[in-house]
Structures are given as C-alpha cells and as structure tokens.
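Trainee: Kindly generate the corresponding structure for this input.
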Amino acid sequence: MSPRSTHSWHNWAGNQRATPLRVSTPRTTAEVAAAVRTAAADGHTVRMTGTGHSFTGAAVAEGVLLRPGGLTAVRSVDTDSGLVTVEAGLPLHAFNEVLDEHGLALANMGDIQEQTVAGALQTGTHGTGRDAAGLASQVAGLEMVLADGTVVTCSRDERPDLFDAARAGLGTLGIITAITWQTVPAFLLHAREEPMRWDEVLQRVDEFEQDNEHFEFYWFPHTDGCLTKRNNRSEGPAKPLPKVKYWVDDQFLSNTVFGLVNRVTRRVPSTTPFVNGISTRALGARTYTDTSYKVFTSPRTVRFKEQEYAVPREDLVPVLRDLRALFDKRDWRISFPIEVRLLPEEDAWLSMAYGRRTAFIAVHVYYRNPHVEYFKGVEELMVAAGGRPHWGKLHTRDATYLEKVYPRFGDFQALRDDLDPERRFANAYTRQVFGS
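Mentor: The predicted structure is shown next:
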C-alpha cells in the first residue's frame, strides 16, 4: 500500500480539500499518458486540477493529482482561420494576452480569467450573450488522454460524439491536454453600467436582451436596487476607464470595501439590509470602451462560495419573482448580490444551456459564512423550474435528477462506460453526479 503524500490541496474558496497519494507535474502529453498508465497499474484514480476555482469537488484528486502548470504552451496560432491551439494548463488571462497580440479574441467569456483553459471548459464556464455562447461553443478540437493511456483527438468531424460529450465532460472521459479554439478577430466592447430598480429591470429584460449583445444584471437582496450591464461591440476608439477610477471602482470599492462589508455583516448579520441599501444608493452609472476581455472580466479578491442554476429562458422572470418572495419568508441576511446572465442554446451534451435558451441565476455567500440553508432554499426553487446546476458550483443534485434535465445524459453515461469502465478518472463528486 502506497503511503499517502504530505501534499495538501485546496480550492480557491477553501471549501474543498484533498491529500492525494501522489502529485506530479507532467510537461508533455506523453507524460500525462504515462502518469495515467502508472496510476492504472497501481490501482489509483487520477485527476488533473486547474486553479481551484470550482466550488464543487470536481477537481479533488483521491489518488494521483496532476498539476497543470507544466502544460502551458501555445502550440499554434492561425490568424487567417482563427484556430488557436494551446495546452490545457494555460491560464485564461495568459491566453487572452496571446490572442490580443495576434489580433484575435474569444467571442464570449465568463467574468473571471484566473482559471486554466481546460478547467474553465470542463465545468461549463459560460458568460452572458445574445448570440455568442459559452466556452464549449468556441472549441474546434480537443486532444485527450484516455483511461488506457492512449492519446486521441476529436472534433465535429473526428469522433464527433466524444467531442460533443467531452467539451463539458468534467474530466471523466479523459484528461484534456490541449484545446483548439475557434477565435474571432479582436474587437472592442462599449460597456454601459447603470443602476436600475427591480421592477424596471424585470419589465425590460426582454428588451435588454434583444437590444444588446451581452446583457446581465445584479440584484442586491433586501433592496429594490439592481446594477445592469450592457456590453456591445464598438468601432472605437478605445476609451478605457481612467486608471484612478478603475482603481477606485474595481479594486478599492468592489474588493477592499466589499471585503470589509462582508466582515461586518458576518459579525452583525442584522446590518445586512441596511448595508445593501447603502451599496445600491452608492452605485453610479459609467461607460467605457476597451479590449473585449478587459470588459468581460473583472478582478475578484473577496472569496465566496457560489451556487448557480440554469433555467429555461422563458421562466426567468417568474423564477426571480419567486426567489425574491423567498427573502420575505426566510430569515436570510445576504450581502452578496444575485447575478443573472443569459445565453443562447448550446450543443455540448452537458452544457447547462444544451438545447434551450437559458438564463443563469447565481447566488453567493462570503466564504466564511454558512451557506447550506440559503443554497438549499434557492435550489428547491430552481429544481422546481427544471434547472440545471452549474458543474463547478455548489449543489446537491445526483444522477437520478440530472438524467431528467439533460436529454443526452444517457448517451454520456454510455460513452463513459465504454471509455473508462474502471472509473480511472472518478472522484466523490463524479460519483454523486453520474451515480458511479
């Protein structure tokens, strides 16, 4: 029996921890394949982590933990076709800089860029968009190491079922070692951020979605205040936020002061409605134009725990009204705003937006605060609406439920049975959501 390593791993929020049997940092696809074969010979499971930005146990390694930091190469950039192949461990912020240097960009992104490209892809990172979908829809090809140690590639033309399954596969079909992205020419986004009242946002949400390429909003619980964000392509010129205003708004207020607010409301929860009211009154409108990824993403230094559900787009307003009503019935004191984003349908089998226009509703708590009661109450509402939980964010759903809301769930299970019958890539989380 192998002695357990002394290496301890934890995620960004600190709510997931592991002490794997063995840790290594492969630097080539061949080394990943060798690590998988060795793990199989020793009877161990194997997982490759990202940067730990999932709140679920998706990245937890019970047996062998592979670190992604040795797989960060940019393999090829074709500016004519927009096809760019990078290795799995390249952080999104580094990837964005590479693309920008070559006059390219991702068509849509989530709101942080600290994850590895593979980690963000495998958990279904999506962003918000009227026409441009999430990361899974911007992939042209994958290179993977399967459970038997063989290396395969897949695309819409080559092993299409594997491609459709593995783009949001939670690392259960194989270890992603490289991704070929379908990028677009670099573009500027004009950002318009504006505070607005709850009733107006819900009355105009269809209008805002139709009229803007990227629309989202935040509701501050215990108040009528919302912050709307509308991002649209611009011919320029670029007019980024002045450095001082960026520091004050995005660094000092959104992180330093917000962190202090959460420490205060943690100690005295009864102050939360009052504090949220101050926050909404302090919100100001602003506009700026900048490189797309600098508008899509923002710094997040205040740690939190998160749950996010994807509901059918047509159910968004009724679900939000029911969610607000829950705050009138429960003794919740929530300082974090609730985030709402929109996405067109996707075709990756386990994308949360598979086969339907989708609205995402995300709830958060400060990482040191209890979350179970709040998340449970919200989850019950989302489940009643046929919601699909975000693979990287806290939820309690299992295979019995998930097979009802994902039309291709059975096909995914069958493919996994074929490719990994011994569950080489399993952990406690995958056993929860897939049943074995």
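
Trainee: List the pairing partners of the helix or strand containing R233 within its sheet, with orientation.
Mentor: Taking DSSP states H and E as the definition, R233 sits inside strand 225-234. Based on DSSP bridges, the strands next to strand 225-234 in the sheet, each with its direction, are strand 188-197 (antiparallel), strand 214-219 (antiparallel).

Trainee: so how far is that strand off the chain centroid?
Mentor: Centre-to-centre, strand 225-234 and its host chain are 20 Å apart (Cα atoms, centre = their mean, to the nearest Å).

Trainee: Mind listing residues that contact it?
Mentor: By Cβ atoms under 8 Å, 6 or more residues apart in numbering, the surrounding residues in contact with strand 225-234 are 187-198, 201, 208, 211-220, 276-277, 279-281, 283, 289, 295-296, 337. From N, CA and C alone the C-beta is placed, and that goes for glycine too.

Trainee: Buried only: go through the residues you listed for me.
Mentor: By neighbour count, with 16 or more other Cβ atoms under 10 Å, the contacts of strand 225-234 hold 188-193, 195-196, 198, 201, 208, 212-220, 276, 279-280, 283, 289, 295-296, 337 as buried.

Trainee: So P370, which state does it fall into?
Mentor: coil (DSSP: H, G, I helix; E, B strand; the rest coil).

Trainee: could you measure it against G392, distance?
Mentor: Distance from P370 to G392, counting by Cβ to Cβ, to the nearest Å: 21 Å.

Trainee: what about the two, which has more around it?
Mentor: G392 (25 against 11; other Cβ atoms under 10 Å).

Trainee: I figured that one hits F55, correct?
Mentor: Yes: using Cβ atoms under 8 Å as the test, G392 is close enough to F55 to be in contact (6.5 Å).

Trainee: ranges for the helices of the protein?
Mentor: Ranges of helices within the chain are 29-42, 92-101, 117-122, 160-166, 198-211, 243-246, 258-267, 272-282, 292-296, 316-329, 372-384, 399-405, 409-419, 428-434, based on DSSP state H.

Trainee: Let me know which of those is the nearest to A107.
Mentor: helix 292-296 (8.4 Å; Cβ to Cβ).

Trainee: elements contacting the closest one?
Mentor: Identification of packing neighbours for helix 292-296 by 3 or more Cβ pairs under 8 Å, 6 or more residues apart in numbering; DSSP states H and E yields helix 92-101, strand 188-197.

Trainee: Look up how far R300 lies from the residue nearest the centre of the chain.
Mentor: Taking Cα atoms, centre = their mean as the criterion, T125 is the residue nearest the geometric centre of the chain, at 3.3 Å. From T125 across to R300, the span is 14 Å (Cβ to Cβ).

Trainee: what stretches of the stretch 1-150 of the chain score poorly on pLDDT?
Mentor: When the per-residue scores of the stretch 1-150 of the chain are filtered using pLDDT under 70, the ranges that remain are 1-6.

Trainee: Tell me where it has strands.
Mentor: 9-10, 17-18, 22-24, 46-48, 64-66, 74-77, 83-87, 104-105, 139-145 (DSSP state E, counting those that start in this stretch).

Trainee: so which of these is the most packed in?
Mentor: Each of the strands of the stretch 1-150 of the chain was scored by mean neighbour count; the highest is strand 46-48, a mean of 29, by mean count of other Cβ atoms under 10 Å.

Trainee: for it, the distance to its chain's centre please.
Mentor: Taking Cα atoms, centre = their mean, one finds the center of strand 46-48 at 19 Å from the center of the full chain.

Trainee: same check, this time on stretch 351-363
Mentor: Mean C-alpha position of stretch 351-363 versus that of the full chain (Cα atoms, centre = their mean) differs by 12 Å.

Trainee: repeat for stretch 316-326
Mentor: Computed by Cα atoms, centre = their mean, the separation of stretch 316-326 from the middle of its chain amounts to 23 Å.

Trainee: Kindly report the same for stretch 255-265.
Mentor: On Cα atoms, centre = their mean, the centre of stretch 255-265 falls 24 Å from the chain's centre.

Trainee: Would you mark the buried spots in it?
Mentor: Those buried within stretch 255-265 under the rule 16+ other Cβ under 10 Å are F258, V261, N262, T265.

Trainee: Kindly report the same for stretch 418-436.
Mentor: Within stretch 418-436, the residues that qualify as buried are L419, D420, R423, R424, F425, A426, N427, Y429, T430, Q432, V433, F434, counting by 16+ other Cβ under 10 Å.

Trainee: Farthest-apart pair in these, please.
Mentor: Based on Cβ to Cβ, the longest span within these runs between L419 and Q432 and measures 19.7 Å.

Trainee: Turn the strands of the stretch 1-150 of the chain into CSV, including distance to G355.
Mentor: As requested, the strands of the stretch 1-150 of the chain are arranged in CSV below (distance: least, Cβ to Cβ, whole Å):
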stretch, distance to G355
strand 9-10, 35
strand 17-18, 34
strand 22-24, 39
strand 46-48, 29
strand 64-66, 33
strand 74-77, 32
strand 83-87, 26
strand 104-105, 27
strand 139-145, 18
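
Trainee: tell me the pLDDT at A282?
Mentor: In this model, A282 is scored at 77, pLDDT.

Trainee: what about it, distance to D157?
Mentor: A282 sits at a distance of 53 Å from D157 (criterion: Cβ to Cβ).

Trainee: cool, N232 as well?
Mentor: In this structure, N232 and D157 are 33 Å apart, going by Cβ to Cβ.

Trainee: Show me which of these two is the more surrounded one.
Mentor: More neighbours surround N232 than the other of N232 and D157, with 17 against 9 (other Cβ under 10 Å).

Trainee: need the contact list for the nearest residue to that one once chain neighbours are set aside.
Mentor: Distances taken as Cβ to Cβ, 6 or more residues apart in numbering place E213 nearest to N232, at 4.9 Å, with adjacent residues excluded. Listed by Cβ under 8 Å, 6+ apart, the contact partners of E213 are G129, R130, D131, A132, N231, N232, R233.
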